[in-house]
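Trainee: quick one, structure for this:
(one chain, ligands or ions: 4)
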Amino acid sequence: MSLKMARIASLLFLALLVHSSTGYLVTSVAQNGSISHRTAGTPVSGFWNGTAKGGSLVAVPAEAMAKASPGGDPPPSYSLNGYFGGTNYMTSVKDQGANCGSCWDFAAIGAMEAQYQINRGNPSTGIDLSEQDALSCSGGDCGGWWLDLILDYLKNSGVPDDACSSYVDGNLASGKTPCPTYHCSNYAARKYYITGWSWISTDAATIKNYIYTYRHPVIVWMPIFNDFPWYDANYWQNYFYSHVATWQEPPYRGGHFVVIVGWDDQGAGTDDDYWIVRNSWGTSGGDVNDGYGGYFYMTQNSANGFFGMQTQAAVIADVVPASTILNKDLIIARLTSWGYLWFIHYPSGTFWTRYWGVSGDTPIVSGADMDGDGLEDIVAWRPSDGRWYILQSKGNYMQSFSRQWGAAGDVPLVADFDRDGISDLVIWRPSVGAWFILRSSGGSATIYWGMQGDTPLIGDRDGDGIPDLIIWRPSVGVWFVLKSSSGYTSWDTYQWGIAGDVPLLDHFDGDGKVDLVIWRPSVGAWFILKSLGGFSVHQWGTSGDVPLLAHVDPSVYGGFADLIIWRPSSGTWFVLRSYTGYDPSSPMVVSWGTSGDVPLTAKGYWSI
Ligand SMILES: [Ca+2]
Ligand SMILES: [Ca+2]
Ligand SMILES: [Ca+2]
Ligand SMILES: [Ca+2]
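Mentor: Numbering: from 1, shown residues only. Ligands and ions are numbered 1, 2, ... in the order given. Okay, the predicted model is just below:
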């Protein structure tokens, strides 16, 4: 074999013409266009349609039945907080603060944390979710909000753990801390989502059935009056609430959301029947003497005042951690009769799946973050209509949008040219050698660079942090790098590779400038031309393999890529790891996929 390794200041002519912000490739960009992907069969664990509302009872799911109590009617007393023995599935009672009207937030997240533990049969998962994030980033504020809106928000947007964004708004009488302020940087990967929720009927029998038989804490609305125990001078002891007044006397203080976790129909010191209710006003009030500070007891009996009866009640289906696509994951897109089924394999060995895209689409993932949350999205580019179909990481890969950009015969790529943290859509058109760049921040650009038969790539070779447009020409084995630092007017050339090779880009010397990589199928050899100077050669793979580059080993933040071979015949990933010094005697070998699949890798949020 021979590979010319000298860098040559080639004088090969390459048609070059730059247009500024003109030449829209298409006449319009659709807003949230409808899509024709298939979602049937998507293995989502939610057992309710999260959009079902209106107070009607929902069907009892088999999944919930499996968690059900031994059977029989709800007993005279029972509680999910262990008050009558058994397991306490509730997390610690929180304090929404002296002034902030964020009960809607604390009630929803309190039920969410408990439901997570209940559905896993583990009262000590350590789950602690961020009320501040839900307050800051949803439409609600310290002036209050609606239960259905916060539950929809938790389903569609999720919340990270509390350490990512701890509570700071307890003394805000109105407004809230703005959303970005208290996010941790990797908040998207740390989120939890509810899979669905439903209103339930507010009669006592139904609520007891949901708590006992199906194991759901019930979020309810209630009015608060001046005689509510916490407003009483004896609130240390007086934590039974049986309001009998009218709206006028004593004065109405406002609406409040709380969580019913159980009941006692045997009347502790009274012949009334009471709900056991988790509040969000700290633990110094309520049933402190019994070790249940923060809980109070509210009459079930509407005859004792119509305010004893809740007027809204809702339950959460299940709670799941965010699905993520990060740099260590191995990804397979498999064409099935339902379209592409994506399998995302975590380093732990677990995986998740989504259907996205149809036959004929180009599956794209590496570096594609069109919703700007730092996690890569699942993208299918469709030649037949030139549309980009984007399954957003935001919303746990359950929401989507599309954009029209490109046409049949084009090559789709992604990069962030305007550096706003959102991937821009890039189309390279071989017939005219044109790059069409649709910027996320608005506007577009057309740059002519390359010609039919070339391979387009994108990377930052000149080190200014902005993508350069790169063409590899097989006929002469020459790389043409059109530099962003020159305003895309001057270029460098490198002779590296020969016809039949596969060109790739990644980092191998830590200088932040992409290095030029050739994989030669005939001999299974990698030739890496480094920006700092010099080159390296590794034998890894054989003819018929698919070469990929990614950062999957523990040195992920060290900046050196791993050499990956995916072998279709056995569906095996062979990873030659940078942190072993590319030692072929200690590869990472993972069976994932099968013949006919499309293997893909992620860049991860660290390098998008
Ligand atoms: Ca994303
Ligand atoms: Ca952008
Ligand atoms: Ca650059
Ligand atoms: Ca480099």
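Trainee: checking my notes, Ile470 in a helix, right?
Mentor: No - assigned with DSSP: H, G, I helix; E, B strand; the rest coil, Ile470 falls outside any helix and is strand.
Trainee: my guess is it meets Pro456, correct?
Mentor: Yes - counting by C-beta atoms under 8 Å, Pro456 is a contact partner of Ile470 at 7.1 Å. Every residue, glycine included, has its C-beta placed from N, CA and C.
Trainee: more neighbours, these two?
Mentor: Using other C-beta atoms under 10 Å as the criterion, Ile470 and Pro456 rank with Ile470 on top: 27 against 22.
Trainee: how far away is that one from Gly450?
Mentor: 9 Å (C-beta to C-beta, to the nearest Å).
Trainee: residue ranges of the strands in the stretch 51-200 of the chain, please?
Mentor: Applying DSSP state E, counting those that start in this stretch to the stretch 51-200 of the chain gives strands spanning 77-79, 159-160, 191-194, 197-199.
Trainee: redo those strands as a markdown table? Include mean pLDDT, mean neighbour count and distance to ligand 2.
Mentor: A markdown table is the format used below for the strands of the stretch 51-200 of the chain (pLDDT from 0 to 100; neighbours: other C-beta atoms under 10 Å; distance: least, C-beta to the ion, whole Å):
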| stretch | mean pLDDT | mean neighbour count | distance to ligand 2 |
| --- | --- | --- | --- |
| strand 77-79 | 94 | 21 | 52 |
| strand 159-160 | 97 | 26 | 24 |
| strand 191-194 | 97 | 25 | 23 |
| strand 197-199 | 93 | 25 | 34 |
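Trainee: mind putting these into TSV with distance to Pro217?
Mentor: Shown next, in TSV, are the strands of the stretch 51-200 of the chain (distance: least, C-beta to C-beta, whole Å):
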stretch	distance to Pro217
strand 77-79	10
strand 159-160	17
strand 191-194	12
strand 197-199	12
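Trainee: how about His183: what's its closest non-neighbour residue?
Mentor: Take His183 and drop its neighbours on the chain: the residue closest to it by C-beta to C-beta, 6 or more residues apart in numbering is Ser165, 5.8 Å away.
Trainee: so what's the residue count around that neighbour?
Mentor: 26.
Trainee: isn't it right up against Tyr182?
Mentor: Yes - Ser165 lies in contact with Tyr182 (C-beta under 8 Å); the separation is 4.2 Å.
Trainee: which stretches of the stretch 151-300 of the chain have low pLDDT?
Mentor: For the stretch 151-300 of the chain, residues meeting the criterion pLDDT under 70 lie at 230-238, 244-248, 267-271.
Trainee: can you pull out the helices in it?
Mentor: Remark: helices assigned in the stretch 151-300 of the chain by DSSP state H, counting those that start in this stretch are 204-212.
Trainee: point me to the residue of it nearest ligand 4.
Mentor: Ser185 (24.8 Å; C-beta to the ion).
Trainee: from ligand 3, how far off is that residue?
Mentor: For Ser185, the distance to ligand 3 equals 24 Å [C-beta to the ion, to the nearest Å].
Trainee: who's in contact with the residue nearest to His183?
Mentor: Ser130, Gln132, Asp133, Ser136, Tyr182, His183, Cys184, Tyr187 (C-beta atoms under 8 Å, 6 or more residues apart in numbering).
Trainee: most widely separated two among the residues you listed?
Mentor: Farthest pair in these (C-beta to C-beta) is Ser136 and Cys184. Separation: 12.7 Å.
Trainee: related to what we said a few turns ago, the residue of the stretch 151-300 of the chain closest to ligand 4 - how many residues pack around it?
Mentor: 10.
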